[in-house]
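**Q** what's the 3D shape of this:
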Amino acid sequence: VREWVVEEAFTPRSLGIRVQFAVSTDTSVPDGELHQWFGDGGYALEYSAGTGNSTRGLVILVSGSTSMAMENVNYKATSSRVEFMQRLTDCCLPTRIGAVIEKSDRLIDTAVFDHRVLSRWSRGNVVLVGDAAHAMAPFLGQGANQAIQDASCLASKLSQYDVEEALLRFEQIRRPPTARLMRTSRILGLLETQKGNGRSTRDLLFRVLGEVGVVGSVFASSCLPVV
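**A** Purely as a prediction, here's the structure:
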C-alpha cells in the first residue's frame, strides 16, 4: 500500500543498531524501577514489574552492530545467550546484569530500522498514518504517541472538510513534526551507541546537556501534540 501511495519502491533503512531483550524471573531491581547504564558502543536498561511469582525482570541491550541483523517484527525468541553475554562484555557494562540474562527464559534479538521521509502520505482516498507514514527509531519512544496524534488530526480534518482537502491539511500539519522526530530519534540512537572517543564525547555531552535541562526538554517537547 505504501509503495502504491508514494509510487516508488520503498526500502527501510538500517541504523546499524541491534537490540537484544532478556526476560527472566530473576531481577535485582525493585519493582517499577528502571536502571540504565551507558557503555562502550551501547547501553543497557534493566526493569522489573509484577508481584510475587508473576514478577519479571527485563534487560535490554542496545549496541552498534556491523552484522546485518534482521528485523524481528514478531519479537520471537531468537537471541543466543552466549552472544548476548559477549556483547554485554564488549560494551563494558556491569556484569551483574548478566545474572538476569543467564536465568532468562526468553531471549529476543532484533535490528533497528527507520524510514526516510516520504514524498507524500496520501493518494486518492487512501492515506498512510502511524508507522506506515513515518516509522522512526525507538529512541524517543514516540511511535504510538505519533500514531494517536495522526488519528486525532485526521478525524478532526475529515469532520471539517471534504476528503481531498482534509487529507491535504492533515499532511501539512503532521508531516513537519514527525519528520523532525524521525531525524532526532535516528541521531539519538547513533549518539547513544558511540564507542571509543565517540563514547567520551557522548558522555560529556549528555552530562552537560542534562545539567542545563536540554535532555529533558527534548523528550518533553517530543510528547507535545501537534494536531
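
**Q** what kind of secondary structure is the closest residue to residue 190 other than its chain neighbours in?
**A** Spatially, and ignoring its direct neighbours in sequence, residue 190 is nearest to residue 15 (6.7 Å; C-beta to C-beta, 6 or more residues apart in numbering). C-beta here means a position set from N, CA and C on the backbone, and glycine is covered the same way. Assigned with DSSP: H, G, I helix; E, B strand; the rest coil, residue 15 falls in the strand class.

**Q** Distance of residue 15 relative to residue 170?
**A** As for residue 15, its distance to residue 170 is 28 Å (criterion: C-beta to C-beta, to the nearest Å).

**Q** Tell me which helix or strand comes right after the longest helix along the chain.
**A** For the chain, the helix with the greatest residue count under DSSP state H is helix 163-192. Later in the chain than helix 163-192, the nearest helix or strand by DSSP states H and E is helix 197-211.

**Q** in that next one, what counts as buried?
**A** 199, 202 (16 or more other C-beta atoms under 10 Å).

**Q** for stretch 178-186, same thing?
**A** 178, 181, 182, 184, 185, 186.

**Q** With stretch 157-177 instead?
**A** Buried-residue list, stretch 157-177, by 16+ other C-beta under 10 Å: 157, 158, 166, 167, 169, 170, 171, 173, 174, 175, 177.

**Q** Including distance to residue 1 and pLDDT, could the residues you listed go into CSV?
**A** Listed next are the buried residues of stretch 157-177 as CSV, based on distance: C-beta to C-beta, whole Å; pLDDT from 0 to 100:
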residue, distance to residue 1, pLDDT
157, 20, 98
158, 19, 97
166, 19, 97
167, 15, 97
169, 21, 97
170, 17, 98
171, 16, 97
173, 22, 97
174, 18, 97
175, 18, 96
177, 23, 95
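
**Q** Can you lay out these as TSV showing distance to residue 83?
**A** Formatted as TSV, the buried residues of stretch 157-177 follow (distance: C-beta to C-beta, whole Å):
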residue	distance to residue 83
157	48
158	48
166	49
167	46
169	49
170	44
171	43
173	44
174	40
175	39
177	38
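
**Q** Enumerate every residue touching the residue in the chain sticking out farthest from the centre.
**A** Residue farthest from the centre of the chain, counting by C-alpha atoms, centre = their mean, is residue 162 at 35.0 Å. Shown in contact with residue 162 (C-beta atoms under 8 Å, 6 or more residues apart in numbering): no residues.

**Q** ok so, going back, which two of the buried residues of stretch 157-177 have the greatest separation?
**A** Across the buried residues of stretch 157-177, the longest distance by C-beta to C-beta is 19.4 Å; it joins 158 and 177.

**Q** ok so, going back, just give me the closest of the buried residues of stretch 178-186 to residue 5.
**A** After measuring those against residue 5 - C-beta to C-beta - the closest member comes out as residue 178, at 15.5 Å.

**Q** Please determine how far the nearest residue to the closest one once chain neighbours are set aside is located from residue 143.
**A** In space, and not counting its chain neighbours, residue 178 is closest to residue 134: 4.1 Å by C-beta to C-beta, 6+ apart. Note on residue 134: its distance to residue 143, by C-beta to C-beta, is 9 Å.

**Q** Residue ranges in the chain under the pLDDT threshold?
**A** Regions of the chain meeting the criterion pLDDT under 70 cover residues 68-79.

**Q** about what we covered before: the residue nearest to residue 190 contacts residue 115, doesn't it?
**A** No. Between residue 15 and residue 115 there is no contact under C-beta atoms under 8 Å: 11.4 Å.

**Q** show me the contacts for the spatially most central residue of the chain.
**A** With distances taken as C-alpha atoms, centre = their mean, residue 138 lies nearest the centre of the chain, 0.9 Å away. Going by C-beta under 8 Å, 6+ apart, residue 138 touches 19, 112, 185, 189.
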